[in-house]
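A.B. asks: got a sequence here, can you build the structure:
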Amino acid sequence: MLDSPSPTPVTRVVSGIQPTGGLHLGNLLGAILRWVRMQEEAECLFFLADLHALTVDVDPADLASNIREMAAALIASGVDPAKSTLFRQSAVPAHAQLAWVLQGTARIGWLNRMTQFKEKSGKNKEGSSVGLFTYPVLQAADILLYHASHVPVGEDQKQHIELTRDIALKFNNDFNVDLFVVPEPYIGGGTAARVMSLRDGTAKMSKSDPSEISRILLTDDDDTIAQKVRKAKTDPEPLPADPAELAGRAEAKNLVGIYAAIVGESVEAVLARFSGQGFGTFKPELADALVALLAPIRTRLVELRGDPGELDRLLEIGAARARDLSEPTLAEAYRAVGLSR
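C.D. replies: Next up is the predicted model:
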């Protein structure tokens, strides 16, 4: 169902991202630049999901630092606080308050079917936090608070949007209200690139990889970027003309996909230009494209890092607007369940 474009008018888009340090090219091409494009297409609320970050062990100092780091990266990459509502999730108490109300609506069976909990808890299911199990309910509150018509969704989040829809429908039905908008998937903002490790084309680029050269950080200087691209794992075969011939060549497919995402071309167009050429020719072109993309972002990111007060000010402006939008919804939910008159 979520694969089909919806005829529902896009009135408001809501999306969140967990604040992490060590931001890399995968974060940029996989999520952040899609947000930048979204804000030109619809009213957007973007939040730093710091409450969600508490579902696993976290160092308080790291979390506080990562919140500002993520805010700086988003703004440096083009998310404009004047166009979008950008805020810290925890600065809007209604997120946690509505999540508790919705705990009474969500069903254990629904949460038991969430595959991400199984993946994240691994063999330590009994030792995982309750928050890790129930965070899809908080995610539903994040969305439903703002009457979001649409939510951008990746493959790994489709189940959670379905859960949000189920919670919204059940709450409205149980309490005979028309409070929550049932959200649809948002297909705007273009396609998010899936960026893999520079050392293993079958694994996602990750800050947890022990190899520094497996990822390109947003703060890497031009020489470091070029060096990492030069050392990126490839194969001896030239690039084909047909994308289908990249099957079985994970590293080659990854580098071509990264280049295509950066320059805004299709994989077919990139291969048409480099067909028959080896990586000795392709890699310098990829490095130049990466430098052109990342250098201005890095410069702005460093500037913002040096002014934490300005970052806090911008986030508070967004939080104030988010509180104004969310409080009437929370008040209506409280009335619906009998917590207020």
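A.B. asks: CA atoms only: put the lowest-mean-pLDDT helix or strand in the chain into PDB for me.
C.D. replies: Every helix and strand of the chain was ranked by mean pLDDT, DSSP states H and E. The lowest is helix 115-121, at a mean of 75. Included here for helix 115-121 are C-alpha records, laid out as PDB according to Å, rounded to 0.1, in the frame of the first residue of the first chain:
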ATOM      1  CA  THR A 115      11.300  -6.100  12.600                       C
ATOM      2  CA  GLN A 116      13.600  -3.300  13.600                       C
ATOM      3  CA  PHE A 117      13.400  -4.100  17.300                       C
ATOM      4  CA  LYS A 118      14.500  -7.700  16.500                       C
ATOM      5  CA  GLU A 119      17.400  -6.400  14.400                       C
ATOM      6  CA  LYS A 120      18.600  -3.800  16.900                       C
ATOM      7  CA  SER A 121      18.200  -6.000  20.000                       C
END
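A.B. asks: ok, residues contacting that helix?
C.D. replies: The set of residues external to helix 115-121 that reach it, using CB atoms under 8 Å, 6 or more residues apart in numbering, is 56, 111, 125, 128, 132-133, 136, 156, 159-160. Yep, even glycine has a C-beta here, placed from its N, CA and C like the rest.
A.B. asks: quick one: which of those residues is most hemmed in?
C.D. replies: Within these, neighbour counts (other CB atoms under 10 Å) peak at residue 136, which reaches 24 neighbours.
A.B. asks: ok, and that one, which helix or strand is that part of?
C.D. replies: helix 130-144 (DSSP states H and E).
A.B. asks: against which helices or strands is that helix packed?
C.D. replies: Packed against helix 130-144, as judged by 3 or more CB pairs under 8 Å, 6 or more residues apart in numbering; DSSP states H and E, are the following elements: strand 13-17, helix 94-103, helix 108-112, helix 115-121, helix 158-174.
A.B. asks: mind running it again at 10 Å?
C.D. replies: Identification of packing neighbours for helix 130-144 by 3 or more CB pairs under 10 Å, 6 or more residues apart in numbering; DSSP states H and E yields strand 13-17, strand 44-48, helix 94-103, helix 108-112, helix 115-121, strand 150-152, helix 158-174, helix 308-337.
A.B. asks: so what's the residue count around residue 229?
C.D. replies: 24.
A.B. asks: hang on, it packs against residue 254?
C.D. replies: No - proximity of residue 229 to residue 254 does not meet the contact threshold set by CB atoms under 10 Å, at 11.6 Å.
A.B. asks: hey, what's in contact with both of these two?
C.D. replies: Contact criterion CB atoms under 10 Å, 6 or more residues apart in numbering; residues shared by residue 229 and residue 254: residue 198.
A.B. asks: lowest average confidence across the helices and strands packed on helix 130-144, which one?
C.D. replies: Sorting the helices and strands packed on helix 130-144 by mean pLDDT places helix 115-121 lowest, at a mean of 75.
A.B. asks: how far does that one sit from its chain's centre?
C.D. replies: In terms of CA atoms, centre = their mean, to the nearest Å, the centre of helix 115-121 is found 18 Å from the chain centre.
A.B. asks: now do stretch 320-338
C.D. replies: Taking mean C-alpha positions (CA atoms, centre = their mean), stretch 320-338 and its chain are 25 Å apart.
A.B. asks: now do the buried residues in that stretch.
C.D. replies: Of the residues in stretch 320-338, those with enough neighbours to count as buried (16 or more other CB atoms under 10 Å) are 321-322, 325-326, 329-330, 332-333, 336-337.
A.B. asks: got JSON lines for those residues, with distance to residue 308 too?
C.D. replies: Shown next, in JSON lines, are these (distance: CB to CB, whole Å):
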{"residue": "321", "distance to residue 308": "21"}
{"residue": "322", "distance to residue 308": "20"}
{"residue": "325", "distance to residue 308": "26"}
{"residue": "326", "distance to residue 308": "25"}
{"residue": "329", "distance to residue 308": "31"}
{"residue": "330", "distance to residue 308": "30"}
{"residue": "332", "distance to residue 308": "36"}
{"residue": "333", "distance to residue 308": "35"}
{"residue": "336", "distance to residue 308": "40"}
{"residue": "337", "distance to residue 308": "40"}
